[in-house]
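S.K.: Build me a structure from this.
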Amino acid sequence: MKQQQGEYFVRKASGLVREFGAMDLLLISSAMVFGLVFTTLQFPWFYGFNPGANLALSLMIAGIPFLFLMLVYWVIGVVMPRAGSDYVWVSRIFHPSIGFAWSFIYMFAVFTTAYVGGLTAFAYALSIAVNMWGLIFSSPGLVALSAFLGSSMGTFYLALGFTLLFAFLSVFGARLIKGLLYFSWGAAIVGILLMWWLLASISPAAFAAKWNSVMTTYPTYQALQDAATTAGWTAPVGGMAAVMGALPLASLFLLGGNYGGNVIAGEVKDVRKTVPIALLLSLALGIIYWSISGFLTLNAVGENWFYALSYSWEVAPASYALPFPPSQPLLLSIIAYPNAILLALIFLTYFFGSIQILFVYFWVPSRYFFAWSFDRIIPTKFADVSHRFHSPHIAIAAMTVLSGIVLVLYSFTSWSTAFTLGTVLWDVAYVMPALATVVFPFVKKDLLEQAPDFMRKKIAGIPLVSILGVLCSVSFAYMGYIAWSNPLITVQTVSGVEIAIGIIAACFVLYFVSLAVHKRSGLDISMALKELPPV
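M.R.: Next up, the predicted model:
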């Protein structure tokens, strides 16, 4: 006797409501690509290893494979607009076990790299800002607070506090989430404009004079550059060789724009228009934002000085004479000194203008728990939805617990070193949905008509959507290889590889155990392969 579709899934309707519009989705997607917290150490990290590289040109070239990715995710979001839609995509085109194992390692890699790593950078940014206040205003209390925030325990407490706050906001639904997004983005825009204005308002000569007058207990502006030169730094030549060599690190500036808009596609209005707007605009805005910010930073403090300082910090740390890194909050605070209002604005905008970024990287992964549960791979309780707030509160609780566990590992063990592998997995993970897009027109012909019109056209008899899938899979496989083989990006450890393999193997085991348990009850959950989850 044929089973009814409703039996394959937890219920006949998801319980989620389409409450997010085009602007909401653009804010979510953009937050995952750029923001104030990401500027904390991004520029010294990039320029320390790539002196002379033109960041804007590197980003535009690196943006080509990301354009392929956005087009692929446009298809995924439009054809299968469900919670965790790339999981649904892979599982329905290949196999549920593959979709589950792939989406879990992908979710976990992004969550660990972007959310837990981002919280650490956030605590670091606050520590630097508070330390600058302590130094400038000769306040031992602020210096002590800065030291606490920069410690493992201080970072852990701050991160745990924000995790609990984010869980509260997530549970109480779209209204609070939208309020947070718009408020935090408002603060971020003020902070971005303030950063650009401060950087544009000073010349390298004026910055050098200010550095020497403010940082009196540390080496002078010129002494820092001389120390780097003694350690082996030389003025870069630049050119296309430098640009191409910088592509692996430039690509990391653009990761994330496809993540939020796709995973919550089941809660988005008018996906055919909303999804492509969010995907393509977030990519374009990310390139523009990082290009302008990088250009202004170098012009404000002096190209060679910043290259040299970054070289000392990253490549030759024995020559680095400062007790804190050459961060953006540090540079901005020196430019703003002694204006207390501007110094306060720098601190407040970095604080409030970074929250939306961290929030979306916490909130979005809960939809994977919901989707796995809706397919009955994990306990169906995770698919419960609040009737009042339309939020999957049990899935959000699961993310909160997972956050606490990973934060402990990240803060007090060598986990952070082992899971630099997360960046490799983040890149390589896109190969799977891209390959699914290659075969999609041949195995899901009934759904092909839902793809954007231009993607259904054929070139030499091959659907354009399949060609895009090939280009995307090859591009990100290559970028994953570069990230894996580049010690500047990935610290290769046996434990890191074992963690990744162990997670994937555990997911396959869990799927087939769940399949066997449900079969004993007369329900074949693998039949979900033939059906899309209900809206």
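S.K.: Just give me the neighbour total for the closest residue to residue 259 other than its chain neighbours.
M.R.: What sits nearest to residue 259 in space, not counting adjacent residues and going by Cβ to Cβ, 6 or more residues apart in numbering, is residue 32, at 5.4 Å. Where C-beta positions appear, they are placed from N, C-alpha and C, glycine not excepted. Residue crowding around residue 32 was assessed by other Cβ atoms under 10 Å; the count is 25.
S.K.: what's the answer for residue 428, then?
M.R.: Counted with other Cβ under 10 Å, the neighbours of residue 428 add up to 22.
S.K.: what's the answer for residue 379, then?
M.R.: Burial measure for residue 379: 12 neighbouring residues, criterion other Cβ under 10 Å.
S.K.: Would you confirm that it contacts residue 373?
M.R.: Yes. Using Cβ atoms under 8 Å, residue 379 makes contact with residue 373 at a distance of 6.6 Å.
S.K.: Would you mind measuring from the residue nearest to residue 259 to residue 255?
M.R.: 8 Å (Cβ to Cβ, to the nearest Å).
S.K.: so what sits against both of these two?
M.R.: A shared contact of residue 32 and residue 255, defined by Cβ atoms under 8 Å, 6 or more residues apart in numbering, is any residue touching both; here these are residue 114.
S.K.: Output the lowest mean pLDDT helix or strand found in this structure.
M.R.: Taking all helices and strands of the chain together, the one with the lowest average confidence (mean pLDDT, DSSP states H and E) is helix 5-8, at a mean of 58.
S.K.: Check which residues of the helix or strand following that helix are buried.
M.R.: Beyond helix 5-8 in the direction of the C-terminus, DSSP states H and E gives the next helix or strand as helix 22-31. For helix 22-31, a neighbour-count test (16 or more other Cβ atoms under 10 Å) marks 22, 24, 25, 26, 27, 28, 29, 30, 31 as buried.
S.K.: What of stretch 195-204?
M.R.: Counting neighbours by 16+ other Cβ under 10 Å, one finds that the buried residues in stretch 195-204 are 195, 196, 198, 199, 202, 204.
S.K.: Quick one: mean pLDDT over it.
M.R.: Regarding stretch 195-204, the rounded mean pLDDT is 97.
S.K.: same check, this time on stretch 171-186
M.R.: The average of the pLDDT scores along stretch 171-186 is 90.
S.K.: Can you list the buried residues in that stretch?
M.R.: 171, 173, 174, 177, 178, 180, 181, 184, 185.
S.K.: surely the third one meets residue 19?
M.R.: Spelled out, it's residue 174. Yes. At 3.9 Å, residue 174 and residue 19 qualify as touching, with contact defined as Cβ under 8 Å.
S.K.: Let me see the contact set for residue 77.
M.R.: Residue 77 makes contact with 85, 261, 262, 265, 268, 271, 275, 279 under the criterion Cβ under 8 Å, 6+ apart.
S.K.: could I get these as CSV with distance to residue 73, neighbour count and secondary structure?
M.R.: As requested, the contacts of residue 77 are exported to CSV (distance: Cβ to Cβ, whole Å; neighbours: other Cβ atoms under 10 Å; DSSP: H, G, I helix; E, B strand; the rest coil):
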residue, distance to residue 73, neighbour count, secondary structure
85, 9, 29, helix
261, 8, 31, helix
262, 5, 32, helix
265, 9, 27, helix
268, 13, 23, strand
271, 12, 23, helix
275, 8, 27, helix
279, 6, 26, helix
